[in-house]
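Enquirer: fold the following, please.
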Amino acid sequence: MNIPRDIFIDTSAFIAMRVRDDVNHKKARTFLKTIKENKLRLHTTNFVLDEVYTYFCRAHKIAVEMAKLIMDNPLIALHRISVDDEDKAWEILKDFNDKQFSYTDATSFAAMERLGFETVFAFDEHFSQYGKFITAP
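Expert: Sure thing, here's the model as predicted:
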């Protein structure tokens, strides 16, 4: 697989990297090594940050650690979801009424399209279902 320099990272990848008993933990850690070795740049959004923090919030220390990882990591660019992204997300949600995309999924799709990203580091089947992105690993 020819991996582009810029990759979007989804909530599912952040969770898989941190949770040792996650079914995708080993794949996530292996792909993270690939990212570091190839000096790839990860991109995510403030909505993904929200999901990651919320997922871990029962363990405050871990939630803060994960938020800092996203906000203060030189390998991760944090993008804000725009009003246009939200408008596009709403259209996606209406158009794909046979799918169970979350609002964050739809905003991620919109942001990826706006930013020109084709590859996503994710274990969420919704990115494949949307049909416009390559999922890695």
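
Enquirer: in the chain, where is pLDDT below threshold?
Expert: Confidence mapping of the chain against pLDDT under 70 gives the ranges 1.

Enquirer: ranges for the helices of it?
Expert: Assigned by DSSP state H, the chain shows helices spanning 11-18, 25-37, 46-56, 60-71, 83-95, 103-115, 125-130.

Enquirer: quick one: residues in contact with the fifth one.
Expert: Surrounding helix 83-95, the residues in contact under the criterion C-beta atoms under 8 Å, 6 or more residues apart in numbering are 81, 101, 103, 106, 107, 109, 110, 111, 113, 114, 130. The C-beta positions use only the backbone N, C-alpha and C, and glycine is treated the same way.

Enquirer: tilt between it and helix 46-56?
Expert: Angle, helix 83-95 to helix 46-56, by axes from the mean of the first three to the mean of the last three C-alpha atoms, to 10 degrees: 70 degrees.

Enquirer: could you tell me the angle between helix 83-95 and helix 103-115?
Expert: 120 degrees.

Enquirer: now do the buried residues in helix 83-95.
Expert: Residues 85, 86, 88, 89, 92, 93 are the ones in helix 83-95 that count as buried (16 or more other C-beta atoms under 10 Å).

Enquirer: now those in TSV, with distance to residue 19?
Expert: Shown next, in TSV, are the buried residues of helix 83-95 (distance: C-beta to C-beta, whole Å):
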residue	distance to residue 19
85	28
86	29
88	31
89	27
92	28
93	28
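
Enquirer: greatest separation within those: which pair is it?
Expert: 85 and 93 (12.5 Å; C-beta to C-beta).
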